[in-house]
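Student: structure, please.
(4 chains)
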2 protein chains.
Amino acid sequence: MSHEPVSPTAHTASSVSDRPVLKLNQFLPYRLIHLAETVSRSFSQIYADQYGIGIPEWRVIATLGEHPTMTARDIGTATSMHKTKVSRAVATLESRGYVEREKNPDDLREQVLKLSSQGNAVYADLVPRALAYSKELEDALTEEQSELLGDIFGRLHDAANAYRPD
Amino acid sequence: MSHEPVSPTAHTASSVSDRPVLKLNQFLPYRLIHLAETVSRSFSQIYADQYGIGIPEWRVIATLGEHPTMTARDIGTATSMHKTKVSRAVATLESRGYVEREKNPDDLREQVLKLSSQGNAVYADLVPRALAYSKELEDALTEEQSELLGDIFGRLHDAANAYRPD
DNA sequence: TATTGTTATACTCTATAACTATA
DNA sequence: TATAGTTATAGAGTATAACAATA
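Tutor: Predicted structure coming up:
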């Protein structure tokens, strides 16, 4: 199952009726979105049960692990999350004791965020498991496929962003 | 931007500290989920404003367009949607006049669903635009990438489904 | 006036379970 | 007892705008 080609054959112009047909399970956007739902669900097992956090919180932890001090605005830029989503994720993480905040003396509107020592421990626990998860997905691909994947994602992302309806 | 490799280089074991680092914007699950969010948002422009429906409703229309008579259960199987989600999508579509239902005389628990003539008109309007959208994404890829995509999705989907945390 | 970040509001979506009716 | 489908409930997530503080 499921190893069918995407849209080159996703439609078949019937020679009998002119009714256009779209085969949903070979249709690129459907397959992509459905795949992402499946990955999101299985990946969240890594952090959801154990730490009681969701995707936005995981992204904040991952971003602060990579760039140890950032403002909420920086995190929004880095993760494409809206400032309200970042604000709530940070509030959740602070209430769990994983993130600390400190006003920037040079601009009191801003606060510098960083992982607490507990947050660093969570990061240290999560990263190897996250990488192992990702590796399991990649290992399902051929070497050729694996090498192309980053470029494919980049091109699809740019194309989706560029799309404007007729 | 954004044409970076995925996880082969998504982590770098620092030689200075042993702190593992995960680069979020090169991390496969993040890139996949983020891409799908972008595609989902741009693709939904095709049907959301004009017909006031969401993804579940679009999937029901696409499924009934492909297989003209199905039960709600069949649609759930075909689209991996829970029966409550199918039930509500069908109710929405019926209230809009796009779907008709009829009890199956051989098993009165079931109802046979089909697109109304108005629903068929919506389908006929949406399918070419959906295919054009998909083509725009594919055209951003090289021929080699485009040919591999279906197999890649299938392999990733199977791997994500098979994943069990340690 | 513009920006950082929070809060309020209303809305959508989702998951679960409980339910009806049929088998 | 099991299945098709609906409804209830509560919780999670989302978008928008309004807001306070600061620049």
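
Student: what residues does chain A put near DNA strand C?
Tutor: A:71-74, A:83-84, A:86-88, A:90-91, A:101, A:107, A:109-111 (CB under 7 Å from any atom of the strand). C-beta: built from backbone N, CA, C; applies to glycine.

Student: any of these buried? List them.
Tutor: Applying 16 or more other CB atoms under 10 Å in any protein chain shown to the residues of chain A next to DNA strand C, the neighbour count classes A:71-72, A:74, A:86, A:90, A:110 as buried.

Student: so after the helix or strand containing A:Ser42, what's the next helix or strand?
Tutor: A:Ser42 belongs to helix A:28-44 when assigned by DSSP states H and E. Once the chain leaves helix A:28-44, the next helix or strand it forms, by DSSP H and E, is helix A:48-51.

Student: ok, then the element right after that following helix?
Tutor: Using DSSP H and E, the helix or strand that follows helix A:48-51 in sequence is helix A:55-66.

Student: what does the helix holding A:Ser42 rub up against?
Tutor: Contacts to helix A:28-44, defined as CB atoms under 8 Å, 6 or more residues apart in numbering or on different chains, come from residues A:6-7, A:10, A:24-25, A:54-55, A:58, A:130, A:133, A:137, A:156, B:29, B:32-33, B:35-37, B:39-40, B:43, B:55, B:59, B:62, B:80, B:130, B:133-134, B:137-138, B:149-150, B:153, B:156-157, B:160-161, B:163.

Student: give me that answer again for 6 Å
Tutor: Contacts of helix A:28-44 with the rest of the structure, by CB atoms under 6 Å, 6 or more residues apart in numbering or on different chains, involve A:6-7, A:24, A:133, B:29, B:32-33, B:36, B:39-40, B:43, B:134, B:137, B:153, B:156-157, B:160, B:163.

Student: which members of the residues you listed additionally contact DNA strand D?
Tutor: Counting by CB under 7 Å from any atom of the strand, no member of those reaches DNA strand D.

Student: I'd like to know which of those residues are buried.
Tutor: A:6-7, A:24, A:133, B:29, B:32-33, B:36, B:39-40, B:43, B:134, B:137, B:153, B:156-157, B:160, B:163.

Student: got the CA positions of stretch A:69-83 in CSV?
Tutor: What follows is stretch A:69-83, C-alpha atoms only, in CSV (Å, rounded to 0.1, in the frame of the first residue of the first chain):
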residue,chain,number,x,y,z
THR,A,69,19.3,33.6,24.4
MET,A,70,16.6,35.0,22.3
THR,A,71,13.6,37.3,22.6
ALA,A,72,10.1,36.2,22.0
ARG,A,73,10.2,38.1,18.8
ASP,A,74,13.3,36.3,17.6
ILE,A,75,11.7,32.9,18.3
GLY,A,76,8.7,34.0,16.3
THR,A,77,10.9,34.8,13.4
ALA,A,78,12.9,31.6,13.7
THR,A,79,9.9,29.3,13.9
SER,A,80,7.3,31.2,11.9
MET,A,81,5.0,31.2,14.9
HIS,A,82,2.8,34.2,15.7
LYS,A,83,3.8,36.3,18.6
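
Student: next one: it to chain centre, how far?
Tutor: Relative to its chain's centre, stretch A:69-83 lies at 14 Å (CA atoms, centre = their mean, to the nearest Å).

Student: how about it and DNA strand D, touching?
Tutor: Yes - contact between stretch A:69-83 and DNA strand D, assessed by CB under 7 Å from any atom of the strand, occurs at A:His82.
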